[in-house]
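A.B. asks: Would you be able to build a 3D model of this:
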Amino acid sequence: MLPVATVFVVWDAVAIAAHIWTYNPRYVTGIELPGSLPIEELLFFIVIPLCGLLTYNAVDTILRRLRRPRNRAARTP
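C.D. replies: Numbering: from 1, shown residues only. Here you go, the predicted model:
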């Protein structure tokens, strides 16, 4: 996740410096990182991919359990 987050943080910092986009002060805390990047943006790049990975892992675990035979005694020779 770190390499991808780094790319997007740099991308955002460049866009902010070039005045391509801004953040409405009404919707951010006012805590800014170097490059005038709101801390919420950094957290977004960490939290959203993490939630996606955790969701994928949870769904994979549930599907794997559903594919198992229901009666383990039936598999015993």
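A.B. asks: Averaged pLDDT, the biggest helix by length in the chain. What do you get?
C.D. replies: The longest helix of the chain (DSSP state H) is helix 39-67. The pLDDT scores in helix 39-67 average 94.
A.B. asks: quick one: contacts for the residue most central in space within the chain?
C.D. replies: In the chain, the centroid-proximal residue (C-alpha atoms, centre = their mean) is Pro49; its distance is 1.8 Å. Counting by C-beta atoms under 8 Å, 6 or more residues apart in numbering, Pro49 touches Met1, Val4, Ala5. (Each C-beta comes from the backbone N, C-alpha and C, glycine too.)
A.B. asks: and if we set it to 10 Å?
C.D. replies: Applying C-beta atoms under 10 Å, 6 or more residues apart in numbering, we find Pro49 in contact with Met1, Val4, Ala5, Phe8.
A.B. asks: Over to Met1?
C.D. replies: Per C-beta under 10 Å, 6+ apart, neighbours of Met1: Phe45, Ile46, Ile48, Pro49, Leu50, Gly52, Leu53.
A.B. asks: Neighbours of the first one, how many?
C.D. replies: It stands for Phe45. 21 (other C-beta atoms under 10 Å).
A.B. asks: With the last one instead?
C.D. replies: A total of 11 residues lie near Leu53 under the criterion other C-beta under 10 Å.
A.B. asks: mind checking how far it is from Val4?
C.D. replies: 11 Å (C-beta to C-beta, to the nearest Å).
A.B. asks: Tell me how far Arg70 lies from Val59.
C.D. replies: With distances taken as C-beta to C-beta, Arg70 is found 20 Å from Val59.
A.B. asks: Put the alpha carbons of stretch 44-51 into CSV.
C.D. replies: In CSV, the C-alpha atoms belonging to stretch 44-51 read as follows (Å, rounded to 0.1, in the frame of the first residue of the first chain):
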residue,chain,number,x,y,z
PHE,A,44,-7.9,8.4,2.6
PHE,A,45,-5.0,6.9,0.7
ILE,A,46,-4.3,4.6,3.6
VAL,A,47,-7.7,3.7,5.0
ILE,A,48,-9.6,3.1,1.7
PRO,A,49,-7.1,0.5,0.3
LEU,A,50,-6.9,-1.1,3.7
CYS,A,51,-10.6,-1.5,3.9
